[in-house]
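*Asks:* Turn this into a structure:
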Amino acid sequence: MRKKVDTTVGNRKIDTLIGKDSSFVGNIESKGTIRVDGKFEGEIVTKGDLVIGETGQVQGKIKAQNIVIAGKVKGEVEAADKLELVPSGNLQGEATMNLLVVEEGAVFQGNCQQFTKEQKEKGRFLQIETPKEHKPQKEQR
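*Replies:* The predicted model follows:
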């Protein structure tokens with residue numbers, strides 16, 4: 001009897017699946033949802049969502065609408081909307097996203113920048129500096 005593979009994430013159908021016993025080296029460009037349960041090295045660009053399963057290992061550059069990391073990722077990550085690291089997730093590298101969710105137990109080592117869609121379209125990040133503390137000066141008589 002053959003085990004049925006779940007090809008949905010939430011209510012979205014998975015268009016591309018790299019199984020846990022597979023490894024892939026190269027580039028993937030897609031408009032749909034991608035799930036990686038095996039090993040991947042290269043670049044993934046999709047207008048849909050990207051899910052890195054618990055057994056998934058990705059090294060390289062990934063760009064998607066929403067990204068969920070349950071496995072290991074090393075490299076550059078860009079999520080147009082949400083980047084989520086679940087408890088088993090491990091991300092090492094650079095991350096850019098609109099919304100970041102790091103659940104307890106997840107590991108994130110590296111740098112991240114958060115942007116709004118408006119800022120991304122303009123191609124720049126808003127610089128916000130910490131206000132300096134002003135000490136009142138004593139009046140001199």
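*Asks:* So residue 91 sits against residue 71, correct?
*Replies:* No. Taking contacts as CB atoms under 8 Å, residue 91 lies outside contact range of residue 71: 9.8 Å. For glycine as for every other residue, the C-beta is placed from the backbone atoms N, C-alpha and C.
*Asks:* quick one: residue 30 from residue 105, how far?
*Replies:* Distance, residue 30 to residue 105, by CB to CB, to the nearest Å: 30 Å.
*Asks:* Quick one: the strands in this structure, in order.
*Replies:* Per DSSP state E, the chain carries strands over the ranges 8-9, 12-18, 23-30, 33-36, 39-46, 50-52, 57-64, 67-69, 72-79, 82-85, 90-97, 99-102, 107-114.
*Asks:* Mind putting those into JSON lines with mean pLDDT and mean neighbour count?
*Replies:* Supplementary listing: those in JSON lines, determined by pLDDT from 0 to 100; neighbours: other CB atoms under 10 Å:
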{"stretch": "strand 8-9", "mean pLDDT": "54", "mean neighbour count": "14"}
{"stretch": "strand 12-18", "mean pLDDT": "83", "mean neighbour count": "16"}
{"stretch": "strand 23-30", "mean pLDDT": "94", "mean neighbour count": "12"}
{"stretch": "strand 33-36", "mean pLDDT": "94", "mean neighbour count": "24"}
{"stretch": "strand 39-46", "mean pLDDT": "96", "mean neighbour count": "19"}
{"stretch": "strand 50-52", "mean pLDDT": "95", "mean neighbour count": "27"}
{"stretch": "strand 57-64", "mean pLDDT": "96", "mean neighbour count": "20"}
{"stretch": "strand 67-69", "mean pLDDT": "96", "mean neighbour count": "26"}
{"stretch": "strand 72-79", "mean pLDDT": "96", "mean neighbour count": "20"}
{"stretch": "strand 82-85", "mean pLDDT": "96", "mean neighbour count": "22"}
{"stretch": "strand 90-97", "mean pLDDT": "96", "mean neighbour count": "19"}
{"stretch": "strand 99-102", "mean pLDDT": "93", "mean neighbour count": "14"}
{"stretch": "strand 107-114", "mean pLDDT": "92", "mean neighbour count": "13"}
